[in-house]
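A.B. asks: My questions concern the predicted model and sequence given below.
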Amino acid sequence: MIPDFSVVVPTSQKTTHLLRCLDALSRQRLPHGQFEIIVVDDANDRATAEAVRSFTQVFGIEARYLSQPRRRGIAAARNRGWQAARGRIIAFTNEDCEPQPDWLSAAWACFRRGAQVVSGQMRTTPSARSHPYGYAPAFAESGDFTAANCFCLRTAIHRVGGFSEEFGITWYEDSDLQFRLIRKGIPIAKCPEAVVLHPSQPTRSILEEERRRSYDALLYKRHPDLYRQRMPHSRTQTVQYAGVVLSASAVLAGALSGRFDMASLALGVWVLLTADLFWKRLPAGPITWEGVKQAATTAVATPFLSVYWRLYGSVKYRVLYL
């Protein structure tokens, strides 16, 4: 029997996360005969292969394991998955995500109504006042197009050529796909009932992943008009981060030159901008020391890292953008 869905899960040596994802897929309310699971291992890891085999034996759900001969990144892993799929609908999620029980059945209802591409809704656990990268909560959980929770007819994704492998790590390869779908006139239906949970990230992970900001320049270079229209948060955030960096630089310059009036004024600006970032990053709900520490660390460090990697991307991809 040919399944309706092929669920593609790229992975790279995160077996514990992957098993939670597979467990969530085993609890789908859609009959198991209607979908297959394809795990694409970018690390060619023996433990991951064994975990997928064990899952298949225990749950009796078809899960195919495909290993990449060498590391090629998440976009290449997703392409390998959908190209090997048997279903006419390709569902994408990530190894560290947990699709909720109605995930596939909600999307199935959309496709039965004629959808070609469907975007589900992401939710973070625990919920946060803002996305770890500083986006507003409306953007983080609005259901905007993300490869961790989207569905495409095989014909639609084939028409645009799949994911661009220029995006070597997870960052805007899904927005690039979204923009190419828009350019081809392929409509994207939203399905807020197709929910995927994603855990919030520790401070170190958030700071390390700022290096992905270099891909902002690549996305802008490929789609300048859609970047401006669809990603106003990025420009707003860049202006605020630049203000933090410039005011901190002015504090240092004023102190070194003996212009303490200038240094005092710049310090006030830096404090106001950084306090605003700190407030946005505080987790919702009860205040904890861990939450305060993460908010403070990211509020202080993220602007400098972000500005550096944006400039790096501008040089690398030879494009000037804001």
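C.D. replies: Looks like it came in fine. Residues are numbered from 1 along each chain as shown.
A.B. asks: Contacts only, for the nearest residue to Y321 once chain neighbours are set aside.
C.D. replies: In this structure, Y321 finds its nearest non-sequential neighbour in Y220, 4.3 Å apart by C-beta to C-beta, 6 or more residues apart in numbering. C-beta here means a position set from N, CA and C on the backbone, and glycine is covered the same way. Residues near Y220 by C-beta atoms under 8 Å, 6 or more residues apart in numbering: 227, 319, 321.
A.B. asks: tell me which element the first one falls in.
C.D. replies: Right, Y227. helix 224-230 (DSSP states H and E).
A.B. asks: which strands and helices sit next to the very next helix or strand once past that helix?
C.D. replies: Next helix or strand after helix 224-230 toward the C-terminus (DSSP H and E): helix 232-257. When contacts are defined as 3 or more C-beta pairs under 8 Å, 6 or more residues apart in numbering; DSSP states H and E, helix 232-257 packs onto helix 260-281, helix 289-317.
A.B. asks: what's the closest of the ones you listed to P187?
C.D. replies: P187 lies closest to helix 289-317 among the helices and strands packed on helix 232-257, at 29.5 Å (C-beta to C-beta).
A.B. asks: in the chain, which spans are helices?
C.D. replies: Assigned by DSSP state H, the chain shows helices spanning 15-26, 46-59, 74-84, 103-112, 137-140, 154-160, 173-183, 203-208, 214-222, 224-230, 232-257, 260-281, 289-317.
A.B. asks: hang on, the earlier thing: pull the residues that contact the helix holding Y227.
C.D. replies: Here helix 224-230 has contacts from 175, 178-179, 182-183, 219-220, 234-235, 321, using C-beta under 8 Å, 6+ apart.
A.B. asks: export it as CSV, just CAs?
C.D. replies: This file holds the C-alpha atoms of helix 224-230, laid out as CSV (Å, rounded to 0.1, in the frame of the first residue of the first chain):
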residue,chain,number,x,y,z
PRO,A,224,15.6,41.1,-1.9
ASP,A,225,11.9,42.2,-2.4
LEU,A,226,10.4,39.3,-0.5
TYR,A,227,13.0,39.7,2.3
ARG,A,228,11.9,43.3,2.8
GLN,A,229,8.2,42.5,2.6
ARG,A,230,8.1,39.3,4.7
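A.B. asks: So what's the residue count around E290?
C.D. replies: Using other C-beta atoms under 10 Å, E290 has 11 neighbouring residues.
A.B. asks: same deal with the one 10 residues further on?
C.D. replies: One way to gauge burial is a neighbour count; for V300, by other C-beta under 10 Å, it gives 15.
A.B. asks: That one and T274 touch, don't they?
C.D. replies: Yes. Using C-beta atoms under 8 Å, V300 is in contact with T274, at 6.3 Å.
A.B. asks: Would you list the buried entries among the contacts of Y220?
C.D. replies: Buried members of the contacts of Y220, counted by 16 or more other C-beta atoms under 10 Å: 227, 319, 321.
A.B. asks: The residue nearest to L19 when sequence neighbours are not counted: neighbouring residues, count only.
C.D. replies: Among residues not flanking L19 along the chain, A51 sits closest, at 5.8 Å (C-beta to C-beta, 6+ apart). Residues lying near A51 (other C-beta under 10 Å) number 21.
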